[in-house]
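Peer 1: Give the three-dimensional model of this entry:
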Amino acid sequence: MKKIIIIFLFTFVSSIYSQFDFTLGMGLDFNSTSSFREYINSNYSRGSSDIATFKSSVFFSGEVGYDIKENIQLAIEYNVLIDSYTQSIGVAGNYEMSYVSHRPSIIAYYVLKGKGYKFKFGGGAGFRYVQLDEKKYIITNYSTNGYGIVLKAEGNTLLSGNFYANIGVSLRYDTPGAPKNSLIGYIYNPITKENLNLNSVSVGIKIGVSYSI
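Peer 2: Numbering: from 1, shown residues only. Alright, predicted model coming up:
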C-alpha cells in the first residue's frame, strides 16, 4: 500500500513540475550596432540611405523549456538574426554587407500559469557566433565570436489541446567583437581609425506557437 501511495505521489508531483515547452517563432529586432552603422554611413551611404540609430532585422528562434519547479523553468534558446545592407556604387555595381548572428542562450524563467494562459519572465546568457560577407568587387568572408545576455518576457494563450499562441519581447546586449578573415584580417574603418565590430543593443518582438507536454 505504501509503495502505491509513493508511486501515486511521484506521478502527481511529476505531472505538476515535469513539463516541457517547445516554442518556434520569428520576429523583428530593432538593433543599434554603432560600429557597423558608422562604417556604412561614413564609407558607402549616400545620405538618404544612412543607417538609423536603430535598424530592423529579422530573426528566427526555437526554444525548449523544462519546469524544474512549479514556477521555475530552465530553457535553451537558439536564435538566428539576419541583417544586410546594399548600396549602388556606380559602374562597379552594388556594395553589399550581410551577416548571420547565431545567438544560443540558457535562460531561467519565472512562470505564472492559469487555465488557458502562461506568462514567463526571465533572463540568461550564451555564446555568440557571427558570419559576415562583404562584397565590393568580390565577396570576402569574415567571422567572429563572443558572448551575449538577454532579458525576455513572453505570453502564451491556449489555442487548442496543448498548443498555445506565443508573443514575446526581448532586450539583448551582444558582444561578438570584430569579424576577421584568416588571410586579410579585420575590416578597417579609415574614418574612425578602428576595426568594425558587431557589438549591439537590441529590442525584439516575436510571435510564434508553443506546445506543452
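Peer 1: Assign the nearest residue to Tyr117 once chain neighbours are set aside to helix, strand or coil.
Peer 2: Once flanking residues are discounted, Tyr117 sits nearest to Thr157: 5.7 Å by C-beta to C-beta, 6 or more residues apart in numbering. C-beta: built from backbone N, CA, C; applies to glycine. Classification of Thr157 using DSSP: H, G, I helix; E, B strand; the rest coil returns strand.
Peer 1: what sits against Thr157?
Peer 2: Contact analysis of Thr157 by C-beta atoms under 8 Å, 6 or more residues apart in numbering lists 116-117, 164-165.
Peer 1: swap in Gly146?
Peer 2: 127-128, 174-177, 199.
Peer 1: Tell me if it really is in a helix.
Peer 2: No: going by three-state DSSP, the assignment for Gly146 is strand, not a helix.
Peer 1: immediately after the least confident helix or strand in the chain by mean pLDDT, which helix or strand?
Peer 2: Ranking every helix and strand in the chain by mean pLDDT, DSSP states H and E puts helix 2-17 at the bottom, with a mean of 43. Downstream of helix 2-17, the next assigned helix or strand under DSSP states H and E is strand 20-32.
Peer 1: so the closest residue to Asn162 other than its chain neighbours bridges to which residues?
Peer 2: Leaving out its chain neighbours, the residue that sits closest to Asn162 by C-beta to C-beta, 6+ apart is Ser212, at 5.0 Å. Beta-bridge pairing of Ser212 under DSSP bridges involves Asp21.
Peer 1: And for Ser212, the neighbour number?
Peer 2: Residues within reach of Ser212, counting by other C-beta atoms under 10 Å, total 18.
Peer 1: Identify the residues contacting it.
Peer 2: So Ser212 contacts 19-22, 118, 162, 164 (C-beta under 8 Å, 6+ apart).
Peer 1: Which among the residues you listed count as buried?
Peer 2: 19, 21, 118, 164 (16 or more other C-beta atoms under 10 Å).
Peer 1: With that, I have no additional questions.
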